[in-house]
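A.B. asks: Output the structure for:
(2 chains)
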Protein chains: 2
Amino acid sequence: MPQEYEQNQEPRPVEPTVAPASVSDALRVPVSSPVSLASYAADARPVGPREKSAGVAATAALAPRLGELQERLYAASTAGDPRRLLLVLQGMDTSGKGGTVKHVIGLFNPSGCRIRAFKAPTEEERAHSFLWRIAKALPEAGEIGIFDRSHYEDVLIGRVRGLAAPEEIERRYDHINNFEQSLTESGVTVVKVFLHISHDRQKRRLLERLDNPQKHWKFAPGDIEDRALWPAYQEAYESALERCSSPAAPWYLVPADRKWYRNWAVSNLLLEHLEGLDPQYPKADFDVAECRRRLLESP
Amino acid sequence: MPQEYEQNQEPRPVEPTVAPASVSDALRVPVSSPVSLASYAADARPVGPREKSAGVAATAALAPRLGELQERLYAASTAGDPRRLLLVLQGMDTSGKGGTVKHVIGLFNPSGCRIRAFKAPTEEERAHSFLWRIAKALPEAGEIGIFDRSHYEDVLIGRVRGLAAPEEIERRYDHINNFEQSLTESGVTVVKVFLHISHDRQKRRLLERLDNPQKHWKFAPGDIEDRALWPAYQEAYESALERCSSPAAPWYLVPADRKWYRNWAVSNLLLEHLEGLDPQYPKADFDVAECRRRLLESP
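C.D. replies: Below is the predicted model of the structure:
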């Protein structure tokens, strides 16, 4: 467990005086280490603001920087820069995948975002390798891709519900690692985020959906059955985080019991990765002065 | 020319005292009437706020209503409502198609928006009917689709640059009308917006792109050649507006010399069409009380 990570039962009494090197460093799941989700408090704030008002303001204040970096990423692609970013969102029901898209991706220019929510595979999708539909939904150069669920479902619900044989599930971890390695080699920065909520918080959020007729459409009785499988899902997530947090594409664990903290953390993860890419506006491949003269001479 | 439409040379001295029935009514291009673009001032404000500050504030204030209507549209689709909306954006270079997506579509939840920018067709696309790539990009039920350029390019640049024979261009108007008719019959509300800018304003915006190295990527020398074809393009637009402003899918003409007015107008067109659809949250198709009991009994 990362040292800066607080426990539920040990509330940190004061603001941290030394900030970690980065949000990414603070939230990255260590590579090749066992993962015990029980050791991560879902209401923790291992880095960043402690109070909601400060967190909400800090997230909103990122919009101009995110927008500029996104524009530079897109602009660079028009001159041949192959780079792009892919945000993978995973988490239990009610962990806030949809809310993250709304509030965090909502900070970007929608024209450069390619969003795909993966539901139960269609008959056509099931007739292919589990990575087939994933590959088709990848972002183009210059874009920010967002997966609401992903290929990880095939080692999560696939494992918990026994939708594939155990040997097949085993092979999938390797297929995922190879696939993500190939993505990074072709210019995709893969940012995988596990939205970590507590069992209690899920109950509260499911109740909210039941108690508000405007949220009934978000609920299905199957959600209660899935909840009964909570321990098996947590184990499946632990395996996915352990086996697929690679140097090329690490997992980030975002405590998601607090919605404002989740939004702050994911926004900053995206910011840091875009800053790392540092995309540049391309130089003009035409004679600017000549074009200017021709334009001024035109009627 | 609609009566409430002001002329460039006749600035309206006072605020209109009687608001038109709707923004849609004020901006709709009359069906089966000749269209003369010269009679529409690109800096007009035929309805709505006259001042930028009021317009910007009014547009931002729409966000909650737009968001709720969008959520209701999506929620309804989960219970089988086939309806969806398609915004088609057309206009000359620098008319603000991209800016409209950024500022107006940016008011919505990105997860329910399906955005497609159509560029010069690929070899594969050219091997099909001109509507092939359009059909593939349509929104799903519950979504808001946005086309930045569209099938209209095939009667605009296609006509001006002679990319197809005149007889073929002629046939395309009918194909477009039939296609859009079939869309509306299958639950698609088609909102076609022509962003109308003046020849002068285009020159100014092209110059801005040349004078700012961060905007060079948005410029191509071909833009100057297209500008030389301005009269031919205006004629092609007039034909498209005349022949394809149908009762099922009328065109809306939005004066776009003022960016803030363009954003205000398109936001309100979307609002009125979504209000016209009046989508409803679906009723639960499960026993709410029973689910509530089971959930509370779960650990």
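A.B. asks: What residues does the stretch 101-250 of chain A have near chain B?
C.D. replies: A:101-102, A:105-106, A:108-111, A:113, A:115, A:117, A:148, A:199, A:203, A:206-207, A:210-211, A:213-214, A:216-217, A:219-221, A:224, A:227-228 (C-beta under 8 Å from any C-beta of the partner chain). Every C-beta, even on glycine, is put in place using the N, C-alpha and C of the backbone.
A.B. asks: again, 6 Å this time
C.D. replies: A:101-102, A:105-106, A:109-111, A:113, A:115, A:206, A:210, A:214, A:216-217, A:221, A:224 (C-beta under 6 Å from any C-beta of the partner chain).
A.B. asks: And the buried ones among the residues you listed, selectable in PyMOL?
C.D. replies: PyMOL command restricting those to the buried ones, with burial defined by 16 or more other C-beta atoms under 10 Å in any protein chain shown:
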select buried, chain A and resi 101+102+105+106+109+110+111+113+115+206+210+216+217+224
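A.B. asks: Restricted to helices, list the residues of the stretch 101-250 of chain A next to chain B.
C.D. replies: Secondary structure from DSSP state H places A:Val101, A:Lys102, A:Leu206, A:Leu210, A:Ile224 of those in helices.
A.B. asks: My guess is the second one contacts B:Phe108. True?
C.D. replies: No - with contact taken as C-beta atoms under 6 Å, A:Lys102 and B:Phe108 are classed as non-touching, separated by 9.5 Å.
A.B. asks: and A:Pro231, what helix or strand is that in?
C.D. replies: helix A:230-244 (DSSP states H and E).
A.B. asks: Mind giving me the packing neighbours of that helix?
C.D. replies: helix A:157-160, helix A:166-185 (3 or more C-beta pairs under 6 Å, 6 or more residues apart in numbering or on different chains; DSSP states H and E).
A.B. asks: just the helices in the stretch 1-150 of chain A please.
C.D. replies: Taking DSSP state H, counting those that start in this stretch, the helices of the stretch 1-150 of chain A run over residues A:23-27, A:52-61, A:63-77, A:97-103, A:123-126, A:132-136.
A.B. asks: buried residues in the third one?
C.D. replies: Within helix A:63-77, the residues that count as buried by 16+ other C-beta under 10 Å are A:Leu66, A:Gly67, A:Leu69, A:Gln70, A:Glu71, A:Arg72, A:Leu73, A:Tyr74, A:Ala75, A:Ala76, A:Ser77.
A.B. asks: distance of the nearest residue to A:Lys119 once chain neighbours are set aside from chain B?
C.D. replies: Nearest residue to A:Lys119, sequence neighbours excluded (C-beta to C-beta, 6 or more residues apart in numbering or on different chains): A:Arg149, at 7.6 Å. As judged by C-beta to the nearest C-beta, to the nearest Å, A:Arg149 and chain B stand 12 Å apart.
A.B. asks: Pull the number of nearby residues for A:Arg149.
C.D. replies: By other C-beta atoms under 10 Å in any protein chain shown, 17 other residues sit near A:Arg149.
A.B. asks: okay, it: pLDDT?
C.D. replies: Note for A:Arg149: predicted pLDDT of 98.
A.B. asks: Does it touch A:Phe118 like I think?
C.D. replies: Yes - between A:Arg149 and A:Phe118 there is a contact at 4.3 Å, judged by C-beta under 6 Å.
A.B. asks: ok, back up a step: distance to B:Pro34 for the ones in helices among the residues of the stretch 101-250 of chain A next to chain B - can I get that in JSON lines?
C.D. replies: Conversion of these to JSON lines gives the following (distance: C-beta to C-beta, whole Å):
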{"residue": "A:Val101", "distance to B:Pro34": "46"}
{"residue": "A:Lys102", "distance to B:Pro34": "45"}
{"residue": "A:Leu206", "distance to B:Pro34": "59"}
{"residue": "A:Leu210", "distance to B:Pro34": "58"}
{"residue": "A:Ile224", "distance to B:Pro34": "63"}
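A.B. asks: got any ranges where chain A has weak pLDDT?
C.D. replies: A:1-20 (pLDDT under 70).
A.B. asks: at 80 what do you get?
C.D. replies: Residue ranges of chain A with pLDDT under 80: A:1-21.
A.B. asks: dump the residue contacts of A:Arg116.
C.D. replies: The contact partners of A:Arg116, by C-beta atoms under 6 Å, 6 or more residues apart in numbering or on different chains, come to A:Ala137, A:Phe147.
A.B. asks: Tell me the spacing between it and A:Glu125.
C.D. replies: 12 Å (C-beta to C-beta, to the nearest Å).
A.B. asks: next one: A:Tyr74
C.D. replies: Remark: distance between A:Tyr74 and A:Glu125 (C-beta to C-beta) = 29 Å.
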